[in-house]
Every structure is written in structure tokens, then in C-alpha cells.
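S.K.: Make a model of this:
(2 chains)
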Amino acid sequence: MQLFAKLDSPRTVVLDLVTVLVVIAGVSVLAAVGSSYLQGALVIFSINAILVISYRTITTMGGWSFAHVAIMGVGGYAVAVLSKPPMDIPVAVTFALGGLAAGLVSALLAYPVLRTRQYYFFLSTFAAGEALRQCFIQFRQLTGGTSGIAFIEYPAFVQTGDTLQFLALVLAVFFLLGLFYLMFDASETGMKIRAVGLDETLSQSLGMNPWRLRALSFVLGSVGAGVAGGLLVSYNGIVAPADFSPELMFKIVAACIVGGTRRLYGPILGLTFLTIVEEAFRGVPEYVPFVWGGLVLAATLYVPNGLEGLVDRLRTSLVRRRRHA
Amino acid sequence: MLETKGLSRSFGKLVAVDGLDLSVGRGTIHGLIGPNGSGKSTTMNLISGSLKPSAGQVSLNDCRIDGKSQDALARDGLIRTFQLTRVFAELTVFEAVRLGALAGDRGRLNWRAVLPFPKRGPSADRAMQAIEKMGLGDVANQVAGSLPGGRQRVLSIATALAATPQCLLLDEPLAGLTATEKADVATRIELLRDEGITILLVEHDMKSVMRLCDRVTVINFGQRVADGSPAEIGRNEAVIKAYLGEKGARHAAG
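M.R.: Residues are numbered from 1 along each chain as shown, chains lettered A, B, ... in the order given. From the prediction side, this is the model:
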């Protein structure tokens, strides 16, 4: 049995690509027939999907960051500040700038934070994330404090108030970023990053520069988060520190644990599953955190590689059955 | 090729390596031996860059390399293996060795990967060659962590080999191998030397050291006790007293 996905097997990437396309198709169909409430939920889901695939890129280097949502906030605030007077930069352009800003902040953060490993990494990223959130609150002149910045617009090519058009934009970004992360993952650099995640000492002894590789995955993952943040505030029309809460961070981490992170499709499956659960419990929202916690526990105990692990098991048993037949 | 001059390292009051001079000739197999705690592993760590020396220098091809980071040294062609076997246990043998082959390469975005027919690239060929050279062809598609200890040890050498070393530092390459495996791996190490790779190895198995090495340095308490061909070392009184014992000496003599 193969424990690890073949690093460059074509079949792996096909499965990832198919998942991305199925999600896009599924979301489009649901949005076309659904209520306006559902359309809104699908926009948020698709933005979260960008968030989880960018988060997965960070986890491949072996560290689970807790600053991802705060870095997403950097992108969000960048869009808010840059698209409004006195800057007045077109919203579509600020999406890219928001991604860059998030990448820049994460590069600065990488210097202290990537010196730590395991639970120290977890703790230092958590602290860094909280520090960023405090910045959103404290630098009132720039960020509007706890009440944030309101009246942020859709990009010019999306009709104001047209959720479906905005959803199409989010899905397009999801597709492009998904494609980029897939190519990066399958590249030699992507393989080296996973090698560092598996055994840093051994990788370094072979000539890889662990520090640079870890920083690269941290920054590239953060760029995706920044773009997602920009889309979120543009869709909401308002940005506030509460949008980038630890609860959202936990949701991202939970999606990655439940879905698995070895491949790109894992976190997407995890997020889909968790979102369905969340919607199923919409009448009793107070139970949702409880159910999530239970699912994460169940995943760690019974399906250690997440839904990915289940898919793998299913495939191996299918192959075996075919061989016996 | 590889030289140390006055190499020293102390941990607090303990002097682990004390003014060691070592000279490894190009394309030779050089053995570094000594009793437990004599400073062999510290020496390996100092040369490979995972420890910084307190004093003295290390040079590769007449360029000073002490103070360089481990990965920079590896890219210069000085690659080590570890005393406790380190392999990418979750991967298949082929993938694990391939990472060694990739390590020094510059990465590019692999746009072919999202097409149905990705290219494997030259690193895959280099990995396959290293696997064949170390005799792991039959297990190339098995998960590295599921191999028996001895073969994992060989795998760690194959991984290092795929990273195209000029100079290999092998920390007890034969530990945990059966007698047949030892003979097999020793032959393969000789073949690597014949290809022009310089090899410095630490090893406890005296028979193999005497058979395999072109030159041997004996250290004790971090200092050099003797240096010479295996036969000379076998005859050296100080070495016999300190380390080898009667049996080893007789074997070396003939």
C-alpha cells in the first residue's frame, strides 16, 4: 500500500483538478437555482475555499499556522483603504494589491515566526495573528477601529448588488489560484517544501535551504489569503476586525483536519462537509461549534488522514476488487 | 581534497575534538576510527557544518568551508549521512531518493503537472541510477519506512548519492547490516570511490574498515593517535593498546 501520494503522479493532480472543477460546477448550479440566501452562503463558501487551499500550501512545509485569518485581514484592509479616498484605486486592482500586502506582511512575520517549530510555531503564529488583529483595532485613523471601514464597493465590472456576478468572480479566482497552487505543489520547489516538512534535518543535509523553502510556502499561502480577504470585504461592503476572528481560523484548521492536507482536494472536501453540517444546523447555531469539535475529534481518532484517507482506502479496495474479479 | 587543521570543539569544559589534523585524498576511502566517545561523530558534525568549530579550519578543494551552512556545503558537493538512519520514511524508495536528486536543483513552476502527461525530468533519472548503484532496484516502489533497518541504511546512502556528492561523509554505513549485506555494501562503496567520489567514513566494524579503507585515522580523546594505511594501523603499538586488541591487529597484518 502506498502511504503517501506519489509526488508527481499524473493521477493525483487529475483528482485535484476534478475536485476543483466539480466544486465550481456544483456551486454554479446551486446558485442558479437557489434562493438569495443560498447565493450569499455560496459566495462565503467559495471565499473560504480559496482560504483553505492557500492554507494547505502553508501546511505542506510542516507547520500549522494560526495567523492565516489575520493575514487574510491584511488583504481585506488593504482593499478597503486603497479603494477609498484619498487613494481611489479601482477595486479590481486592489484585490491584487491586497494579496501583495498580505504576502509582504507574512514575509516580515516569517522572519521571527519560522524560527519556531511544532507547538511553538503554533503559539507564535497565534500571537502574531492576535497582534495583527490588535493593529486593525488600534490604528483607528487608518482602519476605523472596532467599527471598521464601510461602503466598500464591488469591482467596476461587477454590477452592484448582483450576487451571481460576484460569485462568478470568486469562482474564477478560486480556479486560477487552485491551478497555481497545483502547479507549484507539483514543481520541484513544491516537492522540496514537502521534503522539509517531512524531515528538515535530512533535507538540509542534502542541500535544501529549509528556511527559504518554508518562508516561500508561508508567503505564497498568505498571498492567497490576502486575495480572499479582499474578496470578502468587497462582498460584505464593510471590513471590521471581527471578520477575522479565531473562530474562522478554527473553521479553516478544522476543514484541513477533517479533509486532510496531503492533496489539494482534501481541505476542499473538508470545508464542503463542514459547511453542509453548518447549514444543516442553521436552526440551532449554538450547536454548530459543538458538532465541529466532535467531527474534528472523530477525524483525528478514526480517519487520521481525513476524508482523503477514506478516498484512498476506497480506491485501494476498488482496485483490489477489480483485480480479484 | 578534504582537510582539517587544528580542528577543535568543546562543549563547556569537555573538549570533544582537540586540534585534529585530517587529510582525505581525492578519490580515496578514508576511515575515521576510535573508541566510543573519542570524538568521531563530533568531527563528522564539524566537517558537515551541523556544528561550528571552536577553533581550527576545514577546507574542501583548498577553499575554507568552516562556518558555511550545512545546505550550502551540500550544494558544494559535501554530503553526509547520519549515525541514526534518516530516510523519508513516508515516501516510496524512488520518491525518497528523488528528493536527494532534486535537492540541489533550482525549482521552476511545473505547468506540465496540470496536463495529463507530466514530464519527469532529469532528477528522476539520477534517482534511478543511485537506486541501481546501491542495489535497491527491487524495492524502488516500496514505502521506505517499511524496509528492514539494514536496507534503510543503504537507502540513506542512495539518497545522499543522488545529490551528486564529490565527497561523501558516511556515519557508520554498515551498522545494523548482516554479514552478507556488509560485504555487498562495502563493494558498492568501493565502486563509488572508483567513480571518483571521495569518502570519509566512521565505522565500528574493524574487519570492514581494514578491508575497505585506503587510509585510516585513529582518534582518541579528540586527538589523533595514528594515521596510515590499514596495515600500518594494524601494526601500530599505540593503536593496538588503545583500541584494536590482539585479534584485529592479527587480521590487519594478514
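
S.K.: can I assume residue A:258 is in contact with residue A:299?
M.R.: Yes - between residue A:258 and residue A:299 there is a contact under Cβ atoms under 8 Å: 4.6 Å. To be clear about C-beta, it is placed using only N, CA and C from the backbone, and glycine gets the same treatment.

S.K.: Compare neighbour counts for these two and give me the winner.
M.R.: Comparing residue A:258 with residue A:299 by other Cβ atoms under 10 Å in any protein chain shown, the one with more neighbours is residue A:258, at 26 against 22.

S.K.: Just the CA atoms of stretch A:122-140, as PDB, please.
M.R.: Listed next in PDB are the C-alpha coordinates belonging to stretch A:122-140 (Å, rounded to 0.1, in the frame of the first residue of the first chain):
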ATOM      1  CA  PHE A 122       1.500  27.200  16.500                       C
ATOM      2  CA  LEU A 123       1.800  29.600  19.500                       C
ATOM      3  CA  SER A 124       3.900  32.200  17.800                       C
ATOM      4  CA  THR A 125       1.700  32.400  14.800                       C
ATOM      5  CA  PHE A 126      -1.300  32.700  17.100                       C
ATOM      6  CA  ALA A 127       0.400  35.600  18.900                       C
ATOM      7  CA  ALA A 128       1.300  37.200  15.600                       C
ATOM      8  CA  GLY A 129      -2.300  36.900  14.400                       C
ATOM      9  CA  GLU A 130      -3.600  38.500  17.500                       C
ATOM     10  CA  ALA A 131      -1.100  41.200  17.200                       C
ATOM     11  CA  LEU A 132      -2.200  41.900  13.700                       C
ATOM     12  CA  ARG A 133      -5.900  42.000  14.800                       C
ATOM     13  CA  GLN A 134      -5.000  44.400  17.600                       C
ATOM     14  CA  CYS A 135      -3.400  46.600  14.900                       C
ATOM     15  CA  PHE A 136      -6.700  46.600  13.000                       C
ATOM     16  CA  ILE A 137      -8.400  47.800  16.200                       C
ATOM     17  CA  GLN A 138      -5.800  50.300  17.400                       C
ATOM     18  CA  PHE A 139      -4.700  52.200  14.300                       C
ATOM     19  CA  ARG A 140      -8.000  53.900  14.200                       C
END
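
S.K.: Could I get the average pLDDT for it?
M.R.: In this model, stretch A:122-140 has an average pLDDT of 95.

S.K.: Touching it from outside, list them.
M.R.: A:63-71, A:73-74, A:77, A:105, A:109, A:112-113, A:116, A:143, A:145-146, A:148, A:241, A:244, A:246, A:249 (Cβ atoms under 8 Å, 6 or more residues apart in numbering or on different chains).

S.K.: Out of the residues you listed, which are close to chain B?
M.R.: By Cβ under 8 Å from any Cβ of the partner chain, no member of these lies near chain B.

S.K.: Would you mind giving me the PyMOL syntax to select the buried ones in these?
M.R.: The PyMOL command for the buried members of these (criterion: 16 or more other Cβ atoms under 10 Å in any protein chain shown) is given here:
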select buried, chain A and resi 63+64+65+66+67+68+69+70+71+73+74+77+105+109+113+143+148+241+244+249
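
S.K.: In helices only, show me the contacts of stretch A:122-140.
M.R.: Those of the contacts of stretch A:122-140 mapping onto helices are A:68-71, A:73-74, A:77, A:105, A:109, A:112-113, A:143, A:246, A:249, per DSSP state H.

S.K.: all helices of chain B, in order?
M.R.: Going by DSSP H, chain B shows helices at B:40-48, B:70-76, B:93-102, B:122-133, B:149-162, B:179-194, B:206-212, B:230-235, B:237-239, B:245-253.

S.K.: er, the stretch 201-325 of chain A actually
M.R.: A:210-236, A:246-259, A:265-280, A:288-302, A:306-324 (DSSP state H, counting those that start in this stretch).

S.K.: looking at those helices, which is buried most?
M.R.: Among the helices of the stretch 201-325 of chain A, helix A:210-236 has the highest mean neighbour count (mean count of other Cβ atoms under 10 Å in any protein chain shown), at a mean of 26.

S.K.: residues shared between the contacts of residue A:258 and residue A:299?
M.R.: Any residue near both residue A:258 and residue A:299 by Cβ under 8 Å, 6+ apart counts here, and that gives A:306-307.

S.K.: For the closest residue in space to residue A:110 that isn't next to it in sequence, list the residues it contacts.
M.R.: Closest residue in space to residue A:110, ignoring its immediate chain neighbours: residue A:215 at 4.4 Å, by Cβ to Cβ, 6 or more residues apart in numbering or on different chains. Residue A:215 makes contacts with A:107, A:110, A:114, as judged by Cβ under 8 Å, 6+ apart.

S.K.: Pick out whichever of the residues you listed sits closest to residue B:200.
M.R.: Set against residue B:200, the nearest of those by Cβ to Cβ is residue A:114 (32.5 Å).

S.K.: For the helices of the stretch 201-325 of chain A, could you give me JSON lines that also reports mean pLDDT and distance to residue B:217?
M.R.: As requested, the helices of the stretch 201-325 of chain A are exported to JSON lines (pLDDT from 0 to 100; distance: least, Cβ to Cβ, whole Å):
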{"stretch": "helix A:210-236", "mean pLDDT": "96", "distance to residue B:217": "32"}
{"stretch": "helix A:246-259", "mean pLDDT": "93", "distance to residue B:217": "51"}
{"stretch": "helix A:265-280", "mean pLDDT": "93", "distance to residue B:217": "51"}
{"stretch": "helix A:288-302", "mean pLDDT": "88", "distance to residue B:217": "51"}
{"stretch": "helix A:306-324", "mean pLDDT": "81", "distance to residue B:217": "50"}
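
S.K.: In a markdown table, list those along with distance to residue B:35.
M.R.: Shown next, in a markdown table, are the helices of the stretch 201-325 of chain A (distance: least, Cβ to Cβ, whole Å):
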| stretch | distance to residue B:35 |
| --- | --- |
| helix A:210-236 | 34 |
| helix A:246-259 | 49 |
| helix A:265-280 | 51 |
| helix A:288-302 | 47 |
| helix A:306-324 | 48 |
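
S.K.: what residues does the stretch 201-325 of chain A put near chain B?
M.R.: Within the stretch 201-325 of chain A, the positions adjacent to chain B are A:201-210 by Cβ under 8 Å from any Cβ.

S.K.: Please list the members of those residues that lie in strands.
M.R.: Judged by DSSP state E, these include no members of strands.

S.K.: which of those residues count as buried?
M.R.: A:202-210.

S.K.: Among those residues, which pair sits farthest apart?
M.R.: Put simply, by Cβ to Cβ the two of those set farthest apart are A:202 and A:209, 13.7 Å from each other.

S.K.: Run the chain-centre distance for stretch B:137-149.
M.R.: With Cα atoms, centre = their mean, to the nearest Å as the basis, stretch B:137-149 stands 21 Å off its chain's centre.

S.K.: Now do the buried residues in that stretch.
M.R.: Buried residues in stretch B:137-149, counted by 16+ other Cβ under 10 Å: B:139-140, B:143-144, B:147.

S.K.: which one of these is nearest residue A:175?
M.R.: Using Cβ to Cβ, the buried residues of stretch B:137-149 come closest to residue A:175 at residue B:143, 33.7 Å.

S.K.: Pretty sure that closest one sits against residue B:91.
M.R.: Yes - using Cβ under 8 Å, residue B:143 is in contact with residue B:91, at 7.2 Å.

S.K.: looking at the helices of the stretch 201-325 of chain A, which is closest to residue A:28?
M.R.: The closest of these to residue A:28 is helix A:265-280. By Cβ to Cβ, the value is 14.5 Å.

S.K.: Show me what that closest one is in contact with.
M.R.: A:15-16, A:18-20, A:23, A:41, A:45, A:48-49, A:52-53, A:55-56, A:251, A:254-261, A:288, A:291-292, A:295, A:306-308, A:311.
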